[in-house]
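**Student:** build me a model:
(chains A, B, C and D)
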Protein chains: 2
Amino acid sequence: MTTKRVTLADVARRAGLSSSAASMILNGRPDTRLSQDAHDRVTRAAAELGYRPNVAARSLRVDKTQTIGFISDTVATTRFASGLIKGALAAAEQAEHVILLAETGGDPVREAEAIAALLDRQVDGIVFATMRSREVEVPTLPGNTRVVLLNAISDPHTTSVLPDEEQGGRAAVALLADAGHREGIVLLGHNAVEERDLFRSTTVARRLAGIRAEMQDRGLSFMSEESVWDWVPHNGYALVEALLADGAQPRALLCLNDPLAFGAYQALTEHGLRVPDDVSIVSFDNDEIASYLRPGLTTIALPHEEMGARAVELLLDGTAAQGEHLVQMPVVVRDSIRQL
Amino acid sequence: MTTKRVTLADVARRAGLSSSAASMILNGRPDTRLSQDAHDRVTRAAAELGYRPNVAARSLRVDKTQTIGFISDTVATTRFASGLIKGALAAAEQAEHVILLAETGGDPVREAEAIAALLDRQVDGIVFATMRSREVEVPTLPGNTRVVLLNAISDPHTTSVLPDEEQGGRAAVALLADAGHREGIVLLGHNAVEERDLFRSTTVARRLAGIRAEMQDRGLSFMSEESVWDWVPHNGYALVEALLADGAQPRALLCLNDPLAFGAYQALTEHGLRVPDDVSIVSFDNDEIASYLRPGLTTIALPHEEMGARAVELLLDGTAAQGEHLVQMPVVVRDSIRQL
DNA sequence: GGTAAATGCTAAATCGATTCAGCACCCAGC
DNA sequence: GCTGGGTGCTGAATCGATTTAGCATTTACC
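**Tutor:** Numbers count the residues shown, from 1 in each chain, chains lettered A, B, ... in the order given. Down below sits the predicted model:
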């Protein structure tokens, strides 16, 4: 029942050596002059006893815990959040690190508490993630604690990982344009004039910038831009519904995220319009629903897992460059765009 | 830059006392005879220096880390997984504990590695979660490491947290029956005869048991039972499509999960049938899509967050009973059932 | 006034590792 | 025979806390 954990001293005793020797051997110290025989005895003893070092004890000396803190404002609501975590976990596992997870709900008080709780446990570094990328203030951390921002930005001498939204925005437009769409393109989710001074988030701003840049480069312009704050299916439905009720005849919808696109499908279906035969749709995120829809929704994916993994890799790579690290947004082609 | 962490010794020095005294005072030891003055000085010194105990150092002595390991087969794919984690995080935060997260992909090798990695970090206990509840073998853990299974079962003397699937199954049937449905009820996802000997999972078995029990209690029977292994929208669509092509006229669909129901919506819509006017639908899980659908899907929710929280609470509550702890599955009423 | 008990505090051991300085032995060389 | 240098290993300090035993000093009581 109460199996005592095997300690280094146990291993040393069994090998008939001092724990100093055992420690050096098990850590593979290079310049030690311990005999081959000693090596064998210690290694065998460790294996036989199933020795595992006590990380807490070790970290007390060496100030490294092989543990990374992951602080997120949200864990559950979106697949984005869990994707980031999954990616981070994978990269951490690769590097034989483990992840301490904390959720803050975006509350600065809980953020501070989470940071404190993680530092109390001597994490080697902290990944600070936000779901809707925003500017964050990174509190000053003691000692050699490294920080990487994930989907967030701060001042230029922090390291951060972001989706390459501009490239993504351009890619979405390119998909429509390459398919031959030139007229009747509607942007769903944002109207440049109405929302001129509203702050959405860094990512959205860049996504839009990419979209507009590519439109311009190709000499295209939107038939209309429909604004709505909350990008949920209900609003996508309402927007398209209103558009169609007005007698508009859109040929392609550029939706700023998948739930909006979902709503658009619903409204189109009710009006007897078919995707993609009557209206093409392209969107962003690659949510689960994108594959659920009929026909499948072509969308520009948020590369959650790569981002999470990248953040951890940067954290562990002492030599990593500061500043922004952009991760490509892959184009996921399904069947919602018609080739003209 | 390299701000040294404040240690207990620093606090003691500033208070003009020994670190023994400081330790006892900060830990609120009851029977110590230290003066009020000493208390004040230590407390003040700690506050002024911003002292935070080093958890690793403490755990070395007291064998408690205020850290819980959470091992899951999957983190990212479902909202279920992240809900469990979110609930666990919340409960842990309440108790001033922190969560070490590990993902195994269901691979026994990675499971063993994850357990080892967590034990190396002296977690106080481990929550072992699976997404599709199954029977697991809990490896023998050393010492006083407690284990709680989440959405999984094992031998009877372990503690586990599960959704109350039988109650959920009954509730689904009750919703239809209470709305007046007696004829033309179709079960989507499982056929008792065809799949007699197939093992699905503990939860599914219980869900079905609850469904059948309630049907029987109310003197009802299914018009047909449609089997499919993988409960994704595509299959829900295909099943209902085939049903309708056969000329069947279902009045109510009992779908074993939300994605199946989603597929059913799609097939019904294509056949010009309306939910709930022509066909009522009830389902399970309360996925995100349940609220996205038009009309909203009435569904029996998987109580992820409560389950996650419960698991952590049980882990920390030394006196908790062994065996299964069932968490109610809430009925989420939307607009997919017609009152007859 | 002398002893016993209460009071207020500290020294030192301990947890499990890492790491540095250095001890004991052997052999070579003069 | 004595020095010097290599070999192979160990003792002890250390990290930052907790905890036990026990040392001074004061107070209580006869």
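**Student:** just the local confidence number for residue A:34, please.
**Tutor:** Note on residue A:34: pLDDT of 89.
**Student:** does it touch residue A:25 like I think?
**Tutor:** Yes - contact status for residue A:34 versus residue A:25: in contact at 6.0 Å, counting by CB atoms under 8 Å. For every residue, glycine as well, the C-beta is placed using N, CA and C.
**Student:** up against chain B, what does the stretch 101-250 of chain A have?
**Tutor:** Counting by CB under 8 Å from any CB of the partner chain, the stretch 101-250 of chain A comes close to chain B at A:101-103, A:110, A:116-122, A:140, A:142-144, A:232-233, A:237.
**Student:** inside helices: which ones of the residues you listed?
**Tutor:** A:110, A:116, A:117, A:118, A:119, A:120, A:233, A:237 (DSSP state H).
**Student:** hmm, which of the residues you listed are the buried ones?
**Tutor:** Among those, those buried by neighbour count (16 or more other CB atoms under 10 Å in any protein chain shown) are A:110, A:117, A:118, A:119, A:120, A:233, A:237.
**Student:** pull the contacting residues for the fifth one.
**Tutor:** The neighbourhood of residue A:120, defined by CB atoms under 8 Å, 6 or more residues apart in numbering or on different chains, consists of B:52, B:53, B:54, B:55.
**Student:** write the ChimeraX selection for whichever of those residues are buried.
**Tutor:** The buried residues among the contacts of residue A:120 can be selected in ChimeraX (16+ other CB under 10 Å) with this line:
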select /B:53,54,55
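**Student:** what subset of the contacts of residue A:120 is also close to DNA strand D?
**Tutor:** When contact is defined as CB under 7 Å from any atom of the strand, the contacts of residue A:120 meet DNA strand D at B:52, B:53, B:54.
**Student:** so which of these is the closest to DNA strand C?
**Tutor:** residue B:54 (10.9 Å; CB to the nearest atom of the strand).
**Student:** so the closest one sits against residue B:6, correct?
**Tutor:** No - the criterion here is CB under 8 Å, and residue B:54 misses it with residue B:6 at 9.7 Å.
**Student:** excluding chain neighbours, what is closest to residue A:89?
**Tutor:** residue B:103 (4.9 Å; CB to CB, 6 or more residues apart in numbering or on different chains).
**Student:** circling back: most widely separated two among the ones in helices among the residues of the stretch 101-250 of chain A next to chain B?
**Tutor:** Across these, the longest distance by CB to CB is 47.9 Å; it joins A:120 and A:237.
**Student:** count the residues that sit near residue A:270.
**Tutor:** If you count neighbours by other CB atoms under 10 Å in any protein chain shown, residue A:270 ends up with 14.
**Student:** tell me the pLDDT at it?
**Tutor:** For residue A:270, pLDDT reads 93.
**Student:** please name the residues that touch it.
**Tutor:** Counting by CB under 8 Å, 6+ apart, residue A:270 makes contact with residue A:241.
**Student:** I'd like the next helix or strand past the host helix or strand of residue A:267.
**Tutor:** Using DSSP states H and E, residue A:267 maps to helix A:258-270. Counting by DSSP H and E, the next helix or strand C-terminal to helix A:258-270 is strand A:280-285.
**Student:** quick one: is that next one near chain B?
**Tutor:** No - for strand A:280-285, no contact with chain B is found by CB under 8 Å from any CB; the gap never falls below 12.5 Å.
**Student:** between that strand and helix A:258-270, how big is the angle?
**Tutor:** 160 degrees (axes from the mean of the first three to the mean of the last three CA atoms, to 10 degrees).
**Student:** which of the ones next to DNA strand D among the contacts of residue A:120 are close to chain A?
**Tutor:** Among these, chain A is touched by B:52, B:53, B:54 when using CB under 8 Å from any CB.
**Student:** CA-only coordinates of stretch A:173-183 in PDB, if you can.
**Tutor:** Extracted C-alpha coordinates of stretch A:173-183, given in PDB (Å, rounded to 0.1, in the frame of the first residue of the first chain):
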ATOM      1  CA  VAL A 173      -9.900  36.400 -51.000                       C
ATOM      2  CA  ALA A 174      -7.600  34.500 -53.300                       C
ATOM      3  CA  LEU A 175      -9.800  31.400 -53.100                       C
ATOM      4  CA  LEU A 176     -12.800  33.300 -54.300                       C
ATOM      5  CA  ALA A 177     -10.900  35.300 -56.900                       C
ATOM      6  CA  ASP A 178      -9.100  32.200 -58.300                       C
ATOM      7  CA  ALA A 179     -12.500  30.500 -58.600                       C
ATOM      8  CA  GLY A 180     -13.500  33.300 -60.800                       C
ATOM      9  CA  HIS A 181     -15.600  35.400 -58.500                       C
ATOM     10  CA  ARG A 182     -15.500  39.100 -59.300                       C
ATOM     11  CA  GLU A 183     -19.000  40.400 -58.600                       C
END
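**Student:** check contacts around the residue lying closest to residue A:262 once chain neighbours are set aside.
**Tutor:** Excluding the flanking residues, the one nearest residue A:262 by CB to CB, 6+ apart is residue A:233, at 4.4 Å. Residue A:233 is in contact with A:259, A:260, A:262, A:263, A:266, B:292, B:294, counting by CB under 8 Å, 6+ apart.
**Student:** interface residues of chain A facing DNA strand C?
**Tutor:** So chain A meets DNA strand C at A:5, A:7-9, A:19-20, A:23-24, A:26-27, A:29, A:52-54, A:57-58, A:60-62 (CB under 7 Å from any atom of the strand).
**Student:** cutoff 6 Å now
**Tutor:** A:5, A:7-8, A:19-20, A:23-24, A:27, A:53-54, A:57-58, A:60-62 (CB under 6 Å from any atom of the strand).
**Student:** quick check on residue A:153: phi, psi?
**Tutor:** Per-residue torsions, residue A:153: phi -130, psi 160 (degrees, to the nearest 10).
**Student:** whoops, I mixed them up, residue A:161
**Tutor:** Note on residue A:161: backbone dihedrals following degrees, to the nearest 10 are phi -120, psi 130.
**Student:** contact partners of stretch A:274-282?
**Tutor:** Contacts of stretch A:274-282 (CB under 8 Å, 6+ apart): A:172, A:175-176, A:179, A:181, A:250-255, A:261, A:264-265, A:268, A:273, A:295, A:297-300, A:335-338.
**Student:** hmm, I was thinking of stretch A:250-257
**Tutor:** A:172-173, A:176, A:181, A:183-190, A:204, A:207, A:211, A:222-224, A:231, A:236, A:240, A:243, A:261, A:264, A:278-285, A:287, A:337.
**Student:** wait, which of the contacts of residue A:233 is closest to residue B:307?
**Tutor:** residue B:292 (23.3 Å).
**Student:** which non-adjacent residue is nearest that closest one?
**Tutor:** Per CB to CB, 6+ apart, closest to residue B:292 is residue A:233, 4.4 Å.
**Student:** how about residue A:227?
**Tutor:** In space, residue A:227 is closest to residue A:191, 3.7 Å off (CB to CB, 6+ apart).
**Student:** measure the one you found to DNA strand C for me?
**Tutor:** 60 Å (CB to the nearest atom of the strand, to the nearest Å).
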